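Enquirer: Okay, predicted coordinates and the sequence, questions at the end:
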Amino acid sequence: MSGKSIAGPPQNRLGPGGGRLGFIFRSRVNRLRPAFAGAALAVLLTACAAPQSRNLLREQPAHIPTRVELTRTPFYPQEQYQCGPAALAMALGAAGVDIEPERIVPQVYLPERQGSLQMELLASARRNQTLAYELSPLLDDLLAEVAAGNPAIVLQNLGLSWAPRWHYAVVVGYDLTAGEILLRSGREQRQIMRMHTFEHTWARGGHWAMLTLPPGRLPATVKEARYAQAAVAFEANGDSEAAHAAYAAAVARWPNNFTARMGLGNTAYALNDLDAAADAFRQAAVDHPDAAAAHNNLAHVLHQQGHFAAALISARQAVALEGPLADAARGTLAEIEASIAANRAD
Amino acid sequence: MKIALKRMTSQALIISILTLGSPLPYANAAMIGTAQVATENAQADRERVLAFFAREELQQQFHALGVDAQAATERVAAMSDAEIARLAGKLDQAPAGGDIVGAFVTVFIVLLITDIIGLTKIFPFTRSLR
């Protein structure tokens, strides 16, 4: 940011309505000279360049196209204070979930704060059958997701750190040659913003971005542990079939991921597919022989399938591993032994 | 007195939870849930303990911020332990994305300048330089 841009006469650079604002500007400047100078200094001090944009635009990365626009992302103009529900409805729509922002309001809006919290957008995305995934704080990743067809909800502070104006928008495109980013924001369906300006507003929002993914779809910039955590939170929402799809995608990508494999088994079990559940737990026990949970759950399923002898072996392995799950394992073992004893008595 | 008692009880609970392994919502479950499998590390343990105590408080805070009681319960229930832990005690400062109508003159001018420079984007009529 050069000094020249501040020194230049701002009223000449304004769009429509610039003349009138220029007048306000001149009449106030004299009285507010100290404040103005202070503010200008503060601006100069904080006006460091937007580093991620600079690098990105200079290097023009080869792994993403130069220009992308996700035209099929729906648009809902926001009502007052309702950028959260509007942004979420747009992202959900892109993921194939048609929902009006008004129906999201009761899930995320905090009346006294006149806005919505990030955590609630994540939770509401899950309540509406999509997997909520938070991105790394990298512009590169954000654009890579958009390039892969995943519009991202971003938190911006459109104001300043000491005069914040928090706002959610949806990134639906970018143009590296022009150095611009394309947003569905507020009442604008196609807001074109300079990449640098966007980065400043995004940085003040903590570089926060999230995706709402259809179950079973992995983010383009996916990180293993973060995805597993997102899938667990998704499962807790109660839709076992959707969660099963999310875990299946994770297992396909990382066959050795213990959480994903256990989730695959647990959701299969919840769907009453005992064979699939047993397969998943058996694989988990083979890949992670020290994991008591895998042996315990396998024992439980085998027991339910009537394979008492095999169940007994697995339950004993779970108990032998001790650790924090030992109580549960002993419970499973006791149940199996009771069934065997009852069987003998018959 | 009441607060001291409350603090003592919660401290006792925290200690018992941490020393007895991690039996919180999972005691005597025959099947081990995925959440429990996924949280076998120290940080996740802390989050679980924190979330255990913070959930009810958060529900009350949501209620105080204008959400009806039933909806507040559902909304907090939809958050993961890690999310609750991130929000606990920080609800006042957590950014709530909405929008703010009107700003006083000084702020207006500063924002006008920063808009023009391209640091902020408040006014629809500004176009940043460069």
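Expert: Yep, it's here.
Enquirer: for the stretch 1-150 of chain A, what spans make up the strands?
Expert: With DSSP state E, counting those that start in this stretch, the ranges of strands along the stretch 1-150 of chain A come out as A:67-69, A:109-110, A:115-117, A:131-134.
Enquirer: Who are the packing partners of the last one?
Expert: Judged by 3 or more Cβ pairs under 8 Å, 6 or more residues apart in numbering or on different chains; DSSP states H and E, strand A:131-134 is in contact with helix A:118-127, strand A:209-213, helix A:224-235. All C-beta atoms are positioned from the backbone trio N, CA, C, and that covers glycine.
Enquirer: any idea how chain A splits into domains?
Expert: Here the domain parsing of chain A from automatic domain parsing is A:3-48, A:67-213, A:253-345.
Enquirer: Can I get the helix or strand where B:E56 lies in CSV, CA atoms only?
Expert: Using DSSP states H and E, B:E56 falls within helix B:42-64. In CSV, the C-alpha atoms belonging to helix B:42-64 read as follows (Å, rounded to 0.1, in the frame of the first residue of the first chain):
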residue,chain,number,x,y,z
ALA,B,42,-5.4,-35.4,26.4
GLN,B,43,-6.8,-32.4,24.5
ALA,B,44,-10.0,-34.2,23.6
ASP,B,45,-10.4,-35.3,27.2
ARG,B,46,-10.1,-31.7,28.3
GLU,B,47,-12.6,-30.7,25.7
ARG,B,48,-15.0,-33.3,26.9
VAL,B,49,-14.8,-32.2,30.5
LEU,B,50,-15.1,-28.6,29.6
ALA,B,51,-18.1,-29.3,27.3
PHE,B,52,-19.8,-31.4,30.0
PHE,B,53,-19.9,-28.3,32.2
ALA,B,54,-20.3,-25.7,29.6
ARG,B,55,-23.3,-27.1,27.7
GLU,B,56,-25.9,-26.1,30.3
GLU,B,57,-24.4,-22.7,30.8
LEU,B,58,-24.4,-22.1,27.1
GLN,B,59,-28.0,-23.1,26.8
GLN,B,60,-28.9,-20.5,29.4
GLN,B,61,-26.8,-17.8,27.7
PHE,B,62,-28.5,-18.5,24.4
HIS,B,63,-31.8,-18.2,26.2
ALA,B,64,-30.7,-14.9,27.6
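Enquirer: Tell me which helix or strand comes right after it.
Expert: That would be, after helix B:42-64 and using DSSP H and E, helix B:69-77.
Enquirer: does any bit of that next one sit next to chain A?
Expert: Yes: shown here: helix B:69-77 in contact with chain A (Cβ under 8 Å from any Cβ of the partner chain) through B:71, B:74-75.
Enquirer: neighbour-wise, which of those leads?
Expert: Using other Cβ atoms under 10 Å in any protein chain shown as the neighbour test, these are led by B:R75, with 24 neighbours.
Enquirer: Okay, it and A:V105: tell me how far apart.
Expert: 12 Å (Cβ to Cβ, to the nearest Å).
Enquirer: contacting residues around residue 54?
Expert: Assuming you mean chain A. A:H196 (Cβ atoms under 8 Å, 6 or more residues apart in numbering or on different chains).
Enquirer: That was the other one, I meant chain B.
Expert: B:84-85, B:87-89.
Enquirer: burial measure for residue 79, as a count.
Expert: Answering for chain A, as no chain was given. A:E79 has 13 nearby residues by other Cβ under 10 Å.
Enquirer: oops, I was thinking of chain B
Expert: Residues within reach of B:M79, counting by other Cβ under 10 Å, total 25.
Enquirer: Just confirm it is within a strand.
Expert: No: counting by DSSP: H, G, I helix; E, B strand; the rest coil, one finds B:M79 to be coil, located in no strand.
Enquirer: List phi and psi for it.
Expert: phi -90, psi 140 (degrees, to the nearest 10).
Enquirer: Look up the closest residue to it, ignoring the ones flanking it.
Expert: Excluding its sequence neighbours, the residue lying closest to B:M79 (Cβ to Cβ, 6 or more residues apart in numbering or on different chains) is A:A123, at 4.7 Å.
Enquirer: Now do the contacts for the one you found.
Expert: A:107, A:132, B:75, B:78-80, B:83.
Enquirer: Same question for A:I153.
Expert: By Cβ under 8 Å, 6+ apart, the residues touching A:I153 are A:87-88, A:91, A:121, A:168-170, A:209-212.
Enquirer: And chain B, is stretch A:170-182 touching that?
Expert: No: applying Cβ under 8 Å from any Cβ, one finds stretch A:170-182 separated from chain B by no less than 8.8 Å.
Enquirer: Buried residues of that stretch, list them for me.
Expert: A:170-176, A:179-182 (16 or more other Cβ atoms under 10 Å in any protein chain shown).
Enquirer: Now A:V154: phi and psi?
Expert: phi -120, psi 150.
Enquirer: what's around it, how many residues?
Expert: 25.
Enquirer: who does it bridge with?
Expert: For A:V154, the beta-bridge partners are A:A169, A:A209 (DSSP bridges).
Enquirer: pretty sure it contacts A:Y168?
Expert: Yes: assessed by Cβ atoms under 8 Å, A:V154 is found in contact with A:Y168 at 7.0 Å.
Enquirer: Quick check: next helix or strand after the worst-scoring helix or strand of chain B on mean pLDDT?
Expert: Least confident helix or strand, chain B: helix B:2-19 with a mean of 56, by mean pLDDT, DSSP states H and E. Note on helix B:2-19: by DSSP H and E, the next helix or strand toward the C-terminus is helix B:34-38.
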